[in-house]
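K.L.:
Fold the following.
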Amino acid sequence: MNFGIDRLLADPALRKPLEGKRIALLAHPASVTADLTHAIDALVAVGVNVTAMFGPQHGVRGDLQDNMMESPDFTDPTYGMPVFSLYGEVRRPTAESMDLFDVLLVDLQDLGTRIYTFITTLRYVLEAAAEHRKAVWVLDRPNPVGRPIEGLTLLPGWESFVGAGPMPMRHGLTMGELGHWFVDLLKLDVDYQVVAMEGWQPDAAPGFGWPVDRTWINPSPNAPNVMMARAYPGTVMLEGTSLSEGRGTTRPLELFGAPDIAARAVIGEMRRLAPEWLEGCRLREIWFEPTFHKHVHQLCNGVQIHCEGPSYDHAAFRPWRLQALAFKAIRTLYPEYPLWRDFPYEYAFGKLPIDVINGGPGLREWVDDAASCPGDLTAVTIADEAAWAERRQDFLRY
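P.N.:
Down below sits the predicted model:
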């Protein structure tokens, strides 16, 4: 199959509207062609007049490990052009940076999860383009977790840098499709185009969203493989808890644990509470010692989520429910466990991180309510998922 960048490079007719215009590129380390040439090098090589670059969270170089680590602006050492950070002193393009181009090419590999901030950056650049009368082209890439929908919809008033709009955690759209949704949602008057992919089959095995003949490049430092991407709509919630999400290990965001929980007991309680929420994957007790981040240099007992191989069932796997169930099991086994962290997550002051992550307090309240059962969460979630399935229908392009 061909990604948007591959089609743009291969077809002079697609590039024709860019002739005589100043072009900016919003990219990160995974912005590569089929032969692993970075988009900036490939575009310059075919004569595109690239005059500026922009980088999202973790930077153009993808060098910053953790959340809330800001990237500076700099001058590209190869081409001498300015590189502007959209996760530094500003989150939105400045008027000065917008003056340096006519068309912005967005070539970002997403993970298919609302909290992944490249989605919010796409919204912000579309809003800026509408204000400054610039064009935006998304060079489309696969959603590596395909079309499934899962999670609670972000509530009004809970918008943040990890919550760009009223969608569930696992939205099932590509970046190009999301751009169309933002234009419609925000009623933007903007010149927006998508260079579509060719041959993407989001339901086809064994990739189920990710074409297995393409090399995986980390779009952010702790996104090392497609298994992480599959688990991420659930494991990202660990960032709002005192549990380790595996940062500082070789399998970040595919596991969870802490020094003071018994993983076997947690798995057993999850099976007792809602065995159907464990379908599609395998859970395995593990021991690990993070080299940095939460519980650094402490031996942790934990659970690894295996969502690959013959045990993986893409249609059955529900990572958001799975992680929610783990929280419920821990709360049941350890009623006073200090599960929820309290700090300004992604600069959202006055709100618990777990609520910012979920776009409202519903998940946390369900976990903490001793009288609640899995069916209570299911009832709300199914309604949200059905509404999103209908809402997104107009924006599906593949």
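K.L.:
moving C-terminal of the helix or strand harbouring I119, what's the next helix or strand?
P.N.:
Here I119 sits within helix 118-132, counting by DSSP states H and E. Downstream of helix 118-132, the next assigned helix or strand under DSSP H and E is strand 135-139.
K.L.:
Now do that following strand: which elements does it pack against?
P.N.:
helix 4-10, strand 103-107, helix 118-132, helix 175-186, strand 191-195 (3 or more CB pairs under 8 Å, 6 or more residues apart in numbering; DSSP states H and E). For the C-beta atoms, the positions are set from N, CA and C on the backbone; glycine is no exception.
K.L.:
Surely G257 is in a helix?
P.N.:
No. Under DSSP: H, G, I helix; E, B strand; the rest coil, G257 falls outside any helix and is assigned strand.
K.L.:
contacting residues for it?
P.N.:
243-244, 263, 286, 288, 300-303 (CB atoms under 8 Å, 6 or more residues apart in numbering).
K.L.:
Now flag whichever of those residues is closest to L26.
P.N.:
S244 (31.8 Å; CB to CB).
K.L.:
From R251, how far out is that closest one?
P.N.:
11 Å (CB to CB, to the nearest Å).
K.L.:
Quick one: the helices in the stretch 201-350 of the chain, in order.
P.N.:
Counting by DSSP state H, counting those that start in this stretch, the stretch 201-350 of the chain has helices at residues 226-235, 263-273, 319-333.
K.L.:
Kindly apply the preceding question to the stretch 1-150 of the chain instead.
P.N.:
4-10, 12-15, 39-45, 95-98, 118-132.
K.L.:
Report the buried residues of the third one.
P.N.:
The neighbour-count check on helix 39-45 (16 or more other CB atoms under 10 Å) flags 39-40, 42-44 as buried.
K.L.:
list the buried ones in the helix holding I119?
P.N.:
For helix 118-132, by 16+ other CB under 10 Å, it's 118-130.
K.L.:
Output these in TSV, with pLDDT and distance to G151 appended to each entry.
P.N.:
What follows is those, written out as TSV (pLDDT from 0 to 100; distance: CB to CB, whole Å):
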residue	pLDDT	distance to G151
F118	97	18
I119	97	14
T120	97	16
T121	97	21
L122	98	19
R123	98	18
Y124	98	22
V125	98	25
L126	98	23
E127	98	25
A128	98	28
A129	98	29
A130	98	29
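K.L.:
of S244 and R251, who's got more company?
P.N.:
Neighbours per residue, other CB atoms under 10 Å: of S244 and R251, the larger number sits with S244, 25 against 17.
K.L.:
That one contacts F256, correct?
P.N.:
Yes. Look at S244 against F256 with CB atoms under 8 Å: they come within range, at 6.5 Å.
K.L.:
joint contacts of these two?
P.N.:
238, 302.
K.L.:
about what we covered before: single out the most deeply packed of the helices of the stretch 201-350 of the chain.
P.N.:
helix 226-235 (a mean of 26; mean count of other CB atoms under 10 Å).
K.L.:
ok, now which ones touch the most centrally placed residue in the chain?
P.N.:
Centroid check for the chain by CA atoms, centre = their mean gives Y116 as the closest residue, at 2.9 Å. Taking CB under 8 Å, 6+ apart, we find Y116 in contact with 110, 232, 236.
K.L.:
Adding distance to D368 and pLDDT, write those out as JSON lines.
P.N.:
As requested, those are exported to JSON lines (distance: CB to CB, whole Å; pLDDT from 0 to 100):
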{"residue": "D110", "distance to D368": "31", "pLDDT": "97"}
{"residue": "Y232", "distance to D368": "24", "pLDDT": "98"}
{"residue": "V236", "distance to D368": "19", "pLDDT": "98"}
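K.L.:
Let me have these in a markdown table, adding distance to A27 as columns.
P.N.:
Formatted as a markdown table, these follow (distance: CB to CB, whole Å):
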| residue | distance to A27 |
| --- | --- |
| D110 | 13 |
| Y232 | 21 |
| V236 | 23 |
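K.L.:
Just the pLDDT at the residue nearest to the centre of the chain, thanks.
P.N.:
Looking at Y116, its pLDDT stands at 97.
K.L.:
what pLDDT, on average, does the helix or strand containing A383 get?
P.N.:
Following DSSP H and E, the helix or strand that holds A383 is helix 374-392. For helix 374-392, mean pLDDT rounds to 97.
K.L.:
what bridges to the nearest residue to F101 once chain neighbours are set aside?
P.N.:
If you skip the residues right next to it in sequence, F101 has A24 as its closest partner in space, 3.7 Å away by CB to CB, 6 or more residues apart in numbering. A24 forms beta bridges with A52, L104, as assigned by DSSP bridges.
K.L.:
surely A24 meets N49?
P.N.:
No. Using CB under 8 Å as the test, A24 is too far from N49 to be in contact (10.2 Å).
K.L.:
So the two - more neighbours on which side?
P.N.:
Applying other CB under 10 Å to A24 and N49 shows that A24 carries more neighbours, namely 26 against 15.
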